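>>> Sequence and predicted structure, then a few things I'm wondering about:
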Amino acid sequence: MEMVPSTMTEMWTTMGSTIASFMFIWAIIRQYCPYELRRYFEKYTHTIMTYFSPYIKISIHEFTGDRLKRSEAYVAVEAYLSVNSSKTAKRLKAEMGKDSNNLVLSMDEYEKVTDEFRAAKVWWVASKVVSATRPMAYYPEQEKRYYRLTFHKRYREMITGAYLEHVVKEGKEIKVRNRQRKLYTNSPGYKWPSYKQTMWSHIVFEHPATFGTMALEPDKKKEIIEDLVTFSESKEFYARIGKAWKRGYLLYGPPGTGKSTMIAAMANLLNYDVYDLELTAVKDNTELRKLLIETTSKSIIVIEDIDCSLDLTGQRKKKGGKAMADDEKERKEVKEESGNSKVTLSGLLNFIDGLWSACGGERLIVFTTNYVEKLDPALIRRGRMDKHIELSYCGFEGFKVLAKNYLNLETHPLFDAIDGLMKEVKITPADVAENLMPKSPLDDAEKCLWSLIQALEEAKEEAEAEAAAAKKVVEQSQDGGGVCSENCLAEKASE
Ligand SMILES: Nc1ncnc2c1ncn2[C@@H]1O[C@H](COP(=O)(O)OP(=O)(O)OP(=O)(O)O)[C@@H](O)[C@H]1O
């Protein structure tokens, strides 16, 4: 039956005037009803509605309490939903994933997705609160992101127990699978960050070094790999003995023996991030602690050339005359290099094993140095630097690894000559590698091996000449009847 036009008009008029009256009354209430009374009214309306609603809501915020670190639960939920939401959500965000060749999807803001667990249905919403207050005028608005989980109250026990446990566990696993490993650095002159910015800047970590490609004696290599793997699998052990889950490595040896290469190999073996800490750019101990708090677990914190970073020299034997002057000069240079940094030895010791160092867990702290004897014994004692690894000159076994890497050679008639020369002269793996590198497309393996033999022979001649000069100095000093100290002999020989 067709509706009479006048009835329709009447209906619209009635509805219009009802809405207008309602808005008028609401405007009057807003104007004359005190703010406290309104808030009271809203609060109780909300409580009454919640009381009758059969649904429970749980919020998981990105930053909690201290605001220094993203909440682990939030990060895990984000990862969990990145996989589960990509099947159902209509609005997704895409980010570059592991190895820069796949995109990782996650649900966009205000998007809602449904999940099912043991026949119970739950809903997740990604949301945020934008606060108008800013800590400083030039800082952006603060956005507080959170996920809200909604479910029926009859599943309360199962969802707050088994389901959330399942979400966090799976989320963490997804995070490890998808994460691009990163190389972080604390850049010098970095401005003091707001609470959301981090003190570290990073790039994707793509160093190809592995223990397989490292020139190292096989036994030593095996021992280091076993030590690292045991550490990474010892979460329960560390918890049981009441120790923070971290381990210190001191890598020492002459330049070019593979200290940096080994750090990359460690990171690749354990799938850890690397934090390359430039100590000279750290203003003071407080800043050092903040940097530490911002590091994540499954990471290696590296301080390279620790002897040059700070004036951390230990107690030295009393030296006289020139040696003392040299020491002073060296300390001055170190101070100049470390700029305005006020990080102290005790600050650094605190960094390694103070209370804050326990946050995060599953971390390696690696120091490298060319001069282990210069370091304060307190800094490198066992318990702080648990494992001391000496990286030294290249032996024949190491050479064979490099020959396989660079020339794809496992054996060659020239190997014997190289073996013989390597027993007589010291050469670093970096120098061996440099000689084995083809210099032009026409260079074949044999030419590279000859280049190495030539370098070894030159080094041998140099060593012989130095030894002859030293011998001459000794003879001269004996003829002259003078007593010459070890330092004085070395000086004269180098002259
Ligand atoms: N043990 C090694 N195995 C394989 N390659 C090596 C090794 N040692 C050095 N190299 C090669 O030499 C180069 C320099 O090595 P690396 O930077 O690791 O030495 P380092 O000991 O850290 O030196 P420095 O003390 O000067 O920082 C590397 O790029 C690598 O190619």
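Arrived safely, thanks for sending. Numbers count the residues shown, from 1 in each chain.
>>> my guess is Ile352 meets Ile365, correct?
Yes - using C-beta atoms under 8 Å, Ile352 is in contact with Ile365, at 5.8 Å. All C-beta atoms are positioned from the backbone trio N, CA, C, and that covers glycine.
>>> so what pLDDT did Ala469 get?
Note for Ala469: predicted pLDDT of 88.
>>> ugh, wrong one, I meant Arg240
pLDDT for Arg240: 92.
>>> State the distance from it to Thr295.
Going from Arg240 to Thr295 by C-beta to C-beta, to the nearest Å gives 24 Å.
>>> do the same with Ile303
Ile303 sits 12 Å away from Thr295, going by C-beta to C-beta.
>>> quick revisit: of Ile352 and Ile365, which one has the most company?
Ile365 (25 against 19; other C-beta atoms under 10 Å).
>>> Secondary structure element for that one, which one?
Under the criterion of DSSP states H and E, Ile365 resides in strand 363-369.
>>> Could you list the alpha-carbon positions for that strand in PDB?
Taking C-alpha atoms only, strand 363-369 is exported to PDB below (Å, rounded to 0.1, in the frame of the first residue of the first chain):
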ATOM      1  CA  ARG A 363      73.500 -10.600  25.100                       C
ATOM      2  CA  LEU A 364      77.100 -10.800  24.300                       C
ATOM      3  CA  ILE A 365      79.500  -8.000  25.200                       C
ATOM      4  CA  VAL A 366      82.600  -7.900  23.100                       C
ATOM      5  CA  PHE A 367      85.700  -5.800  23.600                       C
ATOM      6  CA  THR A 368      88.500  -5.700  21.000                       C
ATOM      7  CA  THR A 369      92.000  -4.500  21.500                       C
END
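>>> if you average pLDDT over it, what comes out?
Here strand 363-369 scores 94 as its mean pLDDT.
>>> next one: stretch 243-251
Rounded mean pLDDT across stretch 243-251 is 93.
>>> After the strand holding Ile365, which helix or strand is next?
helix 377-380.
>>> so Glu457 touches Gly420, yeah?
No - Glu457 is not in contact with Gly420 according to C-beta under 8 Å; the separation is 10.9 Å.
>>> May I have the secondary structure class of Trp450?
Following DSSP: H, G, I helix; E, B strand; the rest coil, Trp450 is assigned to helix.
>>> and what of Arg148?
strand.
>>> Any figure for the gap between it and the ligand?
Distance from Arg148 to the ligand, counting by C-beta to the nearest ligand atom, to the nearest Å: 49 Å.
>>> Stretch 370-386: which residues count as buried?
By neighbour count on 16 or more other C-beta atoms under 10 Å, the buried set for stretch 370-386 is 370, 372, 374-376, 379-380, 384-386.
>>> Buried ones in stretch 403-412, by neighbour count?
Within stretch 403-412, the residues scored as buried using 16+ other C-beta under 10 Å are 403, 406-407, 409.
>>> List just the nearest of those to the ligand.
Tyr406 (9.4 Å; C-beta to the nearest ligand atom).
>>> Helix or strand for the closest one, just tell me which one.
helix 396-407.
>>> Ile203 too?
strand 201-204.
>>> Now for the buried residues of stretch 403-412: which two are most distant?
Farthest-apart pair in the buried residues of stretch 403-412 is Tyr406 and Leu409; separation 8.4 Å (C-beta to C-beta).
>>> Tell me the secondary structure at the nearest residue to Phe117 once chain neighbours are set aside.
Nearest non-adjacent residue to Phe117, counting by C-beta to C-beta, 6 or more residues apart in numbering: Tyr163, 4.7 Å away. Following three-state DSSP, the label given to Tyr163 is helix.
>>> Just the pLDDT for Asp419.
The predicted local confidence for Asp419 is 94.
>>> so how many other residues sit close to it?
With other C-beta under 10 Å as criterion, Asp419 counts 14.
>>> What of Ile263?
Ile263: 23 neighbours (other C-beta under 10 Å).
>>> helix or strand for it, which one?
Assessed by DSSP H and E, Ile263 sits inside helix 259-270.
>>> can you tell if that helix touches the ligand?
Yes - using C-beta under 6 Å from any ligand atom, helix 259-270 comes into contact with the ligand via 259-261.
>>> Neighbour count for the residues you listed - can I get that in JSON lines?
Output for these, formatted as JSON lines (neighbours: other C-beta atoms under 10 Å):
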{"residue": "Lys259", "neighbour count": "23"}
{"residue": "Ser260", "neighbour count": "17"}
{"residue": "Thr261", "neighbour count": "23"}
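>>> circling back: how about the helix or strand just after the helix holding Tyr406: buried residues?
Where DSSP H and E defines the elements, the next helix or strand beyond helix 396-407 is helix 415-424. Buried positions in helix 415-424, judged by neighbour count with 16+ other C-beta under 10 Å: 415, 417-418, 421-422.
>>> follow-up on the earlier one: please identify every residue contacting each of Ile352 and Ile365.
Shared contacts of Ile352 and Ile365 (C-beta atoms under 8 Å, 6 or more residues apart in numbering): Gly248.
>>> Can you check the pLDDT for Ile427?
Reported pLDDT at Ile427 in the predicted model: 93.
>>> Kindly list the main-chain dihedrals of it?
Backbone dihedrals for Ile427, given as degrees, to the nearest 10, come out at phi -140, psi 140.
>>> follow-up on the earlier one: just the angle between the strand holding Ile365 and helix 259-270, please?
Angle of strand 363-369 versus helix 259-270, following axes from the mean of the first three to the mean of the last three C-alpha atoms, to 10 degrees, is 160 degrees.
>>> Show which residues not belonging to strand 363-369 make contact with it.
Under C-beta under 8 Å, 6+ apart, the answer for strand 363-369 is 228, 231, 245-252, 259-260, 263, 266, 270, 272, 295, 297-307, 352, 375, 379-380, 385.
>>> and that strand, which strands flank it?
Partners of strand 363-369 in the sheet, by DSSP bridges, are strand 246-252 (parallel), strand 299-303 (parallel).
>>> Which one of these lies nearest to Val75?
strand 299-303 (14.6 Å).
>>> Now do the residue of the stretch 251-400 of the chain found nearest the ligand, the pLDDT please.
Here the stretch 251-400 of the chain gets closest to the ligand at one residue, Gly258, 2.8 Å apart by C-beta to the nearest ligand atom. Gly258 carries a pLDDT value of 94.
>>> pretty sure it is in contact with Ala215, am I right?
Yes - if you go by C-beta under 8 Å, Gly258 and Ala215 touch, sitting 6.9 Å apart.
>>> list residues touching both of the two?
Common neighbours of Gly258 and Ala215, using C-beta under 8 Å, 6+ apart, are Pro429.
>>> need the next SSE after the helix or strand of the chain with the lowest mean pLDDT, C-terminal direction.
In the chain, the helix or strand scored least confidently by mean pLDDT, DSSP states H and E is helix 321-337, which has a mean of 48. Remark: after helix 321-337, the chain's next helix or strand is helix 345-353, criterion DSSP H and E.
>>> Dump that next one to PDB, restricted to CA.
Taking C-alpha atoms only, helix 345-353 is exported to PDB below (Å, rounded to 0.1, in the frame of the first residue of the first chain):
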ATOM      1  CA  LEU A 345      86.100   3.000  34.300                       C
ATOM      2  CA  SER A 346      83.600   2.400  37.100                       C
ATOM      3  CA  GLY A 347      80.800   3.600  34.700                       C
ATOM      4  CA  LEU A 348      82.000   1.000  32.200                       C
ATOM      5  CA  LEU A 349      82.200  -1.800  34.800                       C
ATOM      6  CA  ASN A 350      78.700  -0.900  35.800                       C
ATOM      7  CA  PHE A 351      77.700  -1.100  32.200                       C
ATOM      8  CA  ILE A 352      79.100  -4.600  31.900                       C
ATOM      9  CA  ASP A 353      77.800  -6.100  35.100                       C
END
